[in-house]
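Asker: make a model of this:
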Amino acid sequence: MQKLSADVRNMLFIALAYIIPRLIFILLTPLMLDEALYTVMISEQMHHITLIPTFLSYPMSWKPAPFFWLYGLIANPLLAAGLPLEFAFRFPSLLFGLLSLLPLYLVLRKAGASKGVAFLSLVVFIFSGISVYPQSTVLTDAPLFLCIILSMFLYMEDRYGRWRFLAAGLLAFLAFFFKLVFAFMPPVLAVAWFFLKDKKTLRDPVFLFSLCLPFVAMVLQYSLLQSVGLGNQLFIGDIGGHLVSNQGLFGQFRGAYNSVLVFFIFSPVFIGLFVIGFMKYWRENLFMSFWACLTVIPLLSSSTMPWYFLPVLPAISFFSVMLLVRQGKEEKIDLFLLLTIAILVIASLAFFYYVEYNEYLIFQPQKEAGMFIAGKPNVLIVGSYKPSIIAYKMEIEYHSMGAPLDFGWIVVPQDSNRSVVADFVKDYDNAKYDNITTNGSFSSAFTSMINFRKDTNITRFDYIVMAGRADYVPSNSTPLYANNATNISVYEVG
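Answerer: So this is what the prediction gives:
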């Protein structure tokens, strides 16, 4: 009983240590980048469920629909209770991350980590910016990781018999509807596990069938998207663009460099410990070594997205801890070691907050501008890609009015000259740039460097938001809001 109580106390400590830094981030930072788009898509699904998710009523290929259904189901009652937008939409990620901690601990134990190493690996895991960010934001990675780690637990837990493979495969199937190619991690890790532990399982028909389920999910998703002409856009343009740069060998190296840089920024303390620990102890645990080698996938594909490293963070944490606790062939966990790890995780977390504070300075003005124009009629937003403005405007109107007001939105590439913005302000339906403008659908916004123009029935705009374009001031206008640091301004026209 005393032994069980110690385990329970440890997990309660882990849960508390997990929640506090994420809750701070959730409550203090505005919705950013992809989060902004996803919140709008979640709200659209809450009001009108579709098999293919929509953004501004157009089908989108970015992510499968189940993510938006699930987050909407959880966020809707929180919004109805009057909780802040950021908390309501981000809470599902916080919850899924919390639910993944116990199975992660059990997987590490099954993989051969001692109780001390497994516990300290969890500590390193939860304080890394690589886990804090996706488990505090409206991203697909928290539910993805939960599916991956539960799938791996079932593959490794032989007490449940061979039919557990079906449940493990179904979890990998479900993972595909959160993060596409990363859903193949459970089958890959499962093959490595049984190759090292029990090769005869590799011939088990139930096991082999379970490995095929992510491929079934891929075929289903491709067929569904291709029915509206978006299948190739996602699987070739988006996914292919992450794996193979369209800028040739130089682009590939630049993407890999950016990945290493982001890896370092979001886990500055432990990346060095991981590399040294892996080099020293990779032979002692071949399964965890194989898991660590999968780090090459996010290194090649993440570019500037640290959350891509989340599925390999358990192995990174494991080898970081191994370097700290091993003294020869023995593990030594004493007060000095615990204080050392405490200092390291606090330093790592402090650096993460420093990075995010700089992000806050960039995105807070977008939130302020979006809140300022919320509820105002005949609004035009024009300039660089600033999706948080859109998200706050639309979400506040969803909550207070039941539906967002019509508005105009034109996004131009960052390097567009002043005259392009001026032409669109003077004539929203300007045909001058039709050959480089996509109307209505923003589905290819991340793969095409062209202009995007939202559908609108507005013929005269009373308010104009200049999104990142300080070099243009609308004629006959009165400034109402300005943030000079980010060049975001709101004008009343006439």
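
Asker: and the helix or strand encompassing residue 368, average pLDDT?
Answerer: Assigned by DSSP states H and E, residue 368 belongs to helix 335-373. In this model, helix 335-373 has an average pLDDT of 89.

Asker: buried residues in it, which are they?
Answerer: 337, 341, 344-345, 348-349, 351-353, 355-356, 360, 362-373 (16 or more other CB atoms under 10 Å). Any C-beta I mention is one placed from the backbone N, CA and C, and that applies to glycine too.

Asker: check the offset of that helix from the chain's centre.
Answerer: 16 Å (CA atoms, centre = their mean, to the nearest Å).

Asker: right, and the helix or strand after that helix?
Answerer: Criterion used, DSSP H and E; the element after helix 335-373 is strand 379-383.

Asker: would you mark the buried spots in the very next helix or strand once past that next one?
Answerer: Following strand 379-383 in sequence order, the next helix or strand is helix 387-401 (DSSP H and E). Residues of helix 387-401 classed as buried by neighbour count (16+ other CB under 10 Å): 387-398.

Asker: what angle separates helix 387-401 from strand 379-383?
Answerer: Angle between the axes of helix 387-401 and strand 379-383 is 160 degrees (criterion: axes from the mean of the first three to the mean of the last three CA atoms, to 10 degrees).

Asker: so what strands line up beside the following helix or strand past helix 387-401?
Answerer: Using DSSP H and E, the helix or strand that follows helix 387-401 towards the C-terminus is strand 407-411. According to DSSP bridges, strand 407-411 has the following sheet partners: strand 379-383 (parallel), strand 451-453 (antiparallel).

Asker: which of those strands is buried the deepest?
Answerer: strand 379-383 (a mean of 25; mean count of other CB atoms under 10 Å).

Asker: and it, average pLDDT?
Answerer: 92.

Asker: so how far is it off the chain centroid?
Answerer: Mean-position distance between strand 379-383 and its chain equals 27 Å (CA atoms, centre = their mean).

Asker: any idea of the pLDDT on residue 250?
Answerer: Residue 250 is given a pLDDT of 55.

Asker: over to residue 412?
Answerer: pLDDT, residue 412: 84.

Asker: helix/strand/coil for residue 489?
Answerer: strand (DSSP: H, G, I helix; E, B strand; the rest coil).

Asker: run through the bridge partners of it.
Answerer: residue 466, residue 482.

Asker: that one: neighbour count?
Answerer: 25 (other CB atoms under 10 Å).

Asker: what's it in contact with, if anything?
Answerer: 465-466, 470, 473, 479, 481-483 (CB atoms under 8 Å, 6 or more residues apart in numbering).

Asker: ok, now residue 288?
Answerer: So residue 288 contacts 111-113, 315, 318-319 (CB under 8 Å, 6+ apart).

Asker: please report the distance of it from residue 197.
Answerer: Distance from residue 288 to residue 197, counting by CB to CB, to the nearest Å: 13 Å.

Asker: can you find the helix or strand of this structure with the lowest average pLDDT?
Answerer: helix 239-243 (a mean of 54; mean pLDDT, DSSP states H and E).

Asker: quick one on the thing from earlier: using pLDDT, spot the least trustworthy of the contacts of residue 489.
Answerer: At the low end of pLDDT for the contacts of residue 489 is residue 470, which has 66.

Asker: quick one on the thing from earlier: ok, of the contacts of residue 489, which come out buried?
Answerer: 465-466, 481-483.

Asker: which one of these is nearest to residue 99?
Answerer: Nearest to residue 99 among those is residue 483, at 38.4 Å by CB to CB.

Asker: just checking, that closest one touches residue 365?
Answerer: Yes. In this structure, residue 483 is within contact of residue 365 by CB atoms under 8 Å, at 3.7 Å.

Asker: how much space between the residue most central in space within the chain and residue 112?
Answerer: Nearest to the mean C-alpha position of the chain, counting by CA atoms, centre = their mean, stands residue 139 at 3.5 Å. For residue 139, the distance to residue 112 equals 31 Å [CB to CB].

Asker: kindly report the same for residue 328.
Answerer: In terms of CB to CB, residue 328 sits 18 Å off from residue 112.

Asker: who's more crowded, these two?
Answerer: residue 112 (14 against 6).

Asker: quick one on the thing from earlier: for my notes, please list the buried ones among the contacts of residue 489 in CSV and give distance to residue 304 for each entry.
Answerer: Below are the buried ones among the contacts of residue 489 laid out as CSV (distance: CB to CB, whole Å):
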residue, distance to residue 304
465, 26
466, 26
481, 29
482, 28
483, 23
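
Asker: wait, which of these is closest to residue 426?
Answerer: residue 466 (14.0 Å).

Asker: list the contacts of that closest one.
Answerer: 382-383, 421, 472-474, 487-491.

Asker: which two of those residues have the greatest separation?
Answerer: 421 and 490 (15.1 Å).

Asker: which of those two has more residues huddled nearby?
Answerer: Higher neighbour count among residue 421 and residue 490: residue 490, with 25 against 21, using other CB under 10 Å.

Asker: I figured that one hits residue 479, correct?
Answerer: Yes. With contact defined as CB under 8 Å, residue 490 and residue 479 form a contacting pair (7.4 Å).

Asker: distance of residue 33 from residue 288?
Answerer: 33 Å.

Asker: from residue 36, how far out is residue 386?
Answerer: 9 Å.

Asker: ditto for residue 171
Answerer: For residue 171 relative to residue 36 (CB to CB), the value is 29 Å.

Asker: go on, residue 138?
Answerer: Distance from residue 138 to residue 36, by CB to CB: 8 Å.

Asker: again, but for residue 480
Answerer: From residue 480 across to residue 36, the span is 22 Å (CB to CB).

Asker: looking at the two, which has the bigger crowd around it?
Answerer: Counting neighbours by other CB under 10 Å for residue 480 and for residue 36 shows that residue 36 has the greater number, 26 against 16.
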